[in-house]
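In: Here is a sequence with its predicted model. Questions after.
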Amino acid sequence: MIDDPQTTRRQKRREKRIQNSRRQCHCCRQTFMFCWRCRCGFAICQACMHENAWGMTCNGITWTCPDCGGQNGYGNQ
């Protein structure tokens with residue numbers, strides 16, 4: 001069976017997109033598919049966010065980036 005060039009291109013694009021979506025948590029230094037990210041580049045995984053939420057949010061709707069001080073939403077509102 002001959003590989004279709006379009007299928008090969010789609011697979012390569014998908015692999016690249018998945019690879020680019022992985023982020024390293026600034027706290028625990030592990031790589032995750034999902035991290036909370038700030039516009040400045042700071043990324044924190046869900047477990048570290050839950051552990052440090054007491055110092056990053058006061059209302060549960062937004063969180064403050066510890067690097068730049070920018071306000072970011074949780075996406076729940």
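Out: Noted; the coordinates are in hand.

In: ok so Cys48 is a strand residue?
Out: No. Counting by DSSP: H, G, I helix; E, B strand; the rest coil, Cys48 falls outside a strand, being helix.

In: Quick check: the residue positioned nearest the centre of the chain vs Glu15, distance?
Out: Computing the C-alpha centroid of the chain and ranking residues by Cα atoms, centre = their mean puts Cys35 first, at 2.8 Å. Relative to Glu15, Cys35 is positioned 20 Å away (Cβ to Cβ, to the nearest Å). Backbone N, C-alpha and C define where each C-beta goes, glycine included.

In: Kindly report the same for Gly75.
Out: Applying Cβ to Cβ to Gly75 and Glu15 gives a distance of 26 Å.

In: Any stretches of the protein with poor pLDDT?
Out: Residue ranges of the chain with pLDDT under 70: 1-3, 16-21, 76-77.

In: Now the closest residue to Ile44 other than its chain neighbours. Its backbone dihedrals?
Out: Distances taken as Cβ to Cβ, 6 or more residues apart in numbering place Trp36 nearest to Ile44, at 5.1 Å, with adjacent residues excluded. Per-residue torsions, Trp36: phi -70, psi 130 (degrees, to the nearest 10).
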